[in-house]
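Asks: dropping a prediction and its sequence here:
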Amino acid sequence: MSILDFFRSNEKPSTANMAKERLQIIVAHERHKRNQPDYLPAMQQEILEVIRKYIKVDQNDISVQMENTDDCSVLELNITLPEAV
Amino acid sequence: MAKIIVVTSGKGGVGKTTSSAAIGTGLALKGQKTIIIDFDVGLRNLDLIMGCERRVVYDFVNVINGEATLNQAMIKDKRTENLFILPASQTRDKDALTMGGVEKILNELSENFDFIICDSPAGIEKGAQMALYFADEAIVVTNPEVSSVRDSDRILGILQSKSRRAEKGGSVIEHLLLTRYNPTRVNAGEMLSVEDVKDILAIKLLGVIPESRAVLKASNQGTPVILDVETQAGQAYSDAVARLLGEEVPHRFIEEQKQGFLKRLLGAKKEGAMA
C-alpha cells in the first residue's frame, strides 16, 4: 500500500463498494420473491374477492406472504380493515 | 454419454459465444470429442467467431425439421481435431426450436460425443430456456458490472427451477466465469472484485478472463481466443478448461501486474492496460 492509497482511503466509499451493496440488496429481494409459489398472486386475488363480499377493502389493503424456514412454511395474510366496519 | 454444458448469462454481450468457442476448442484440444451448438435462432454468430461462416449449409432447425441429417449440418473444425459446430438457423420463426426436437438431437449427439456445449442466446425467453433445459452443468458468464451480476442471478434462479435436472429433484452444476476483468480498475475501487461477485452469486468460480485486446482480435479473424496461447485471455481460458475437467489450477491474472518504467513509457502494446 502506497502513501497515496492511505490518503485515498479517507475519501468517500468506492463506486465498486456501492455496486456491491446495491446488488446484495436487490439480489436478496429478488431471490425471496423467486422462492414464493407461482399461485400466490392468484390466491391473493381470490381471497380479496371473498373478503370484498363482506367488507370494502382495496387491493393494496391485503398482503399475502410466504415464509420458508427449514422445516415449515408460514403463509401470512395481512388485511387492513377500513376504520368504520 | 456426453456431458451437456450450457454457456449462459441472461445479459447480452458479456462473452457467451466467445466463451463457448474458447471452451469448446479447449476441450477438443484436451482430446475430448466436442460439439458446440448455437442456440441463438435468428441471430447466428458462433459460426463467425469460429471462422466457419462460409461453410454453413444446413443448420440446427433443418435437422429438427428433418430437412437434413445431423452429419450434413455438423461442421468439422479445420484447425482442431475432435471439434464440431452445429450452427443456428437464421429463420425469423421464433418457434423453430421445439423441446422434443432439441431433446432428440441431444440424445443422438450424446452417443458420439464427450461434451456438448450449448451456446445460449441472451435473455430469459424460450430460446435461453431451451438451451439450459437439458444441461448437466452451466457456465454462467458474468461481467464485473451491476446489470450483468443481477441477470446472472436471475438465470441461476431459472437453472434451479426450470431445468430438467431441477424438475427431477436434482440440480445443475453451476460455474461462474468472470469475463472482461480488469485488476487495475478493481484496485482503483472502480470495478467489482472477483470476491465481490463470488459473494453475491455464491457459486463456484471456474475462471477469470482478463479484459484483453486479444479477444476482439481473435473474433476479427474467426479464431477462438484460446488458440492464441501467448495471450492472458487465451491462457485464462485454458486454465478454465482444465478446471472443468477436474484439474486443480491456481487462478492467474487476478492481481494487477506492475509494469516496469520502460514498458509503461512505451505503452502497453500487446494487451491489457485498458483503463
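Replies: Cool, the structure landed.

Asks: next one: stretch A:15-30 to chain centre, how far?
Replies: Put simply, stretch A:15-30 sits 15 Å off its chain's centre (C-alpha atoms, centre = their mean, to the nearest Å).

Asks: contacts for that stretch next, please.
Replies: Here stretch A:15-30 makes contact (C-beta atoms under 8 Å, 6 or more residues apart in numbering or on different chains) with B:145-146, B:149-150, B:153-154, B:157, B:186, B:189-193, B:196, B:199-200. Bear in mind the C-beta positions are built from the backbone N, C-alpha and C, glycine included.

Asks: again, but for stretch B:49-56
Replies: Under C-beta under 8 Å, 6+ apart, the answer for stretch B:49-56 is B:17-18, B:21, B:36, B:44, B:47, B:75, B:77-78, B:85, B:87, B:219, B:221-224.

Asks: how about the strands in chain A?
Replies: Under the criterion DSSP state E, chain A contains strands at A:62-68, A:73-79.

Asks: so the last one versus strand A:62-68, what angle?
Replies: Same thing as strand A:73-79. 170 degrees (axes from the mean of the first three to the mean of the last three C-alpha atoms, to 10 degrees).

Asks: which residue does chain A have closest to chain B?
Replies: Nearest residue of chain A to chain B: residue A:14, at 2.7 Å (C-beta to the nearest C-beta).

Asks: re the thing from before, just checking: which of the contacts of stretch A:15-30 also lie near chain A?
Replies: Checked against chain A using C-beta under 8 Å from any C-beta of the partner chain, the contacts of stretch A:15-30 yield the following neighbours: B:145-146, B:149-150, B:153-154, B:157, B:186, B:189-193, B:196, B:199-200.

Asks: returning to what we had before: tell me the contacts of the residue of chain A closest to chain B?
Replies: With C-beta under 8 Å, 6+ apart, residue A:14 has these contacts: B:188, B:189, B:190.

Asks: give me the three-state assignment for the second one.
Replies: Residue B:189 carries the three-state label coil when classified by DSSP: H, G, I helix; E, B strand; the rest coil.

Asks: for it, give me its contacts.
Replies: A:14, A:15, A:16, A:17.

Asks: closest to chain A out of the contacts of stretch B:49-56?
Replies: residue B:18 (23.5 Å).

Asks: doesn't residue B:242 belong to a helix?
Replies: Yes. The assignment for residue B:242 is a helix, going by three-state DSSP.

Asks: okay, it: pLDDT?
Replies: The model reports residue B:242 with a pLDDT of 98.

Asks: I'd like the distance between it and chain A.
Replies: Shown here: residue B:242 relative to chain A, a distance of 29 Å by C-beta to the nearest C-beta, to the nearest Å.

Asks: what number of residues lie near that residue?
Replies: Residues lying near residue B:242 (other C-beta atoms under 10 Å in any protein chain shown) number 15.

Asks: need the contact list for the closest residue to it other than its chain neighbours.
Replies: Sequence neighbours aside, residue B:249 is the residue nearest to residue B:242 in space, at 4.9 Å (criterion: C-beta to C-beta, 6 or more residues apart in numbering or on different chains). The neighbours of residue B:249, taking C-beta under 8 Å, 6+ apart as the test, are B:239, B:242, B:243.

Asks: hmm, back to that, comparing the strands of chain A, which stretch has the densest surroundings?
Replies: Among the strands of chain A, the stretch with the highest mean neighbour count (mean count of other C-beta atoms under 10 Å in any protein chain shown) is strand A:62-68, at a mean of 14.

Asks: one step back: out of the contacts of residue A:14, who's nearest residue B:61?
Replies: Nearest to residue B:61 among the contacts of residue A:14, counting by C-beta to C-beta, is residue B:190 at 43.1 Å.

Asks: give me every residue in chain A lying close to chain B.
Replies: A:14-17, A:19-20, A:22-24, A:26-27, A:30-31, A:34.

Asks: for the one helix or strand residue B:177 maps to, which outside residues touch it?
Replies: In the assignment (DSSP states H and E), residue B:177 maps to strand B:173-181. With contact meaning C-beta under 8 Å, 6+ apart, strand B:173-181 is reached by B:14-15, B:18-19, B:136-144, B:152, B:156, B:159, B:191, B:194, B:197-198, B:201, B:203-211, B:240, B:244, B:253-254.

Asks: out of those residues, which sit inside strands?
Replies: B:137-142, B:204-210.

Asks: mind putting the residues you listed into JSON lines with neighbour count and pLDDT?
Replies: JSON lines is the format used below for those (neighbours: other C-beta atoms under 10 Å in any protein chain shown; pLDDT from 0 to 100):
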{"residue": "B:137", "neighbour count": "17", "pLDDT": "98"}
{"residue": "B:138", "neighbour count": "29", "pLDDT": "98"}
{"residue": "B:139", "neighbour count": "27", "pLDDT": "98"}
{"residue": "B:140", "neighbour count": "27", "pLDDT": "98"}
{"residue": "B:141", "neighbour count": "29", "pLDDT": "98"}
{"residue": "B:142", "neighbour count": "29", "pLDDT": "98"}
{"residue": "B:204", "neighbour count": "11", "pLDDT": "96"}
{"residue": "B:205", "neighbour count": "18", "pLDDT": "97"}
{"residue": "B:206", "neighbour count": "22", "pLDDT": "98"}
{"residue": "B:207", "neighbour count": "26", "pLDDT": "97"}
{"residue": "B:208", "neighbour count": "22", "pLDDT": "97"}
{"residue": "B:209", "neighbour count": "26", "pLDDT": "97"}
{"residue": "B:210", "neighbour count": "25", "pLDDT": "97"}
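
Asks: need the longest helix for chain B.
Replies: Using DSSP state H to define each element, chain B has its longest helix at helix B:146-162.

Asks: same deal with chain A?
Replies: helix A:15-34.
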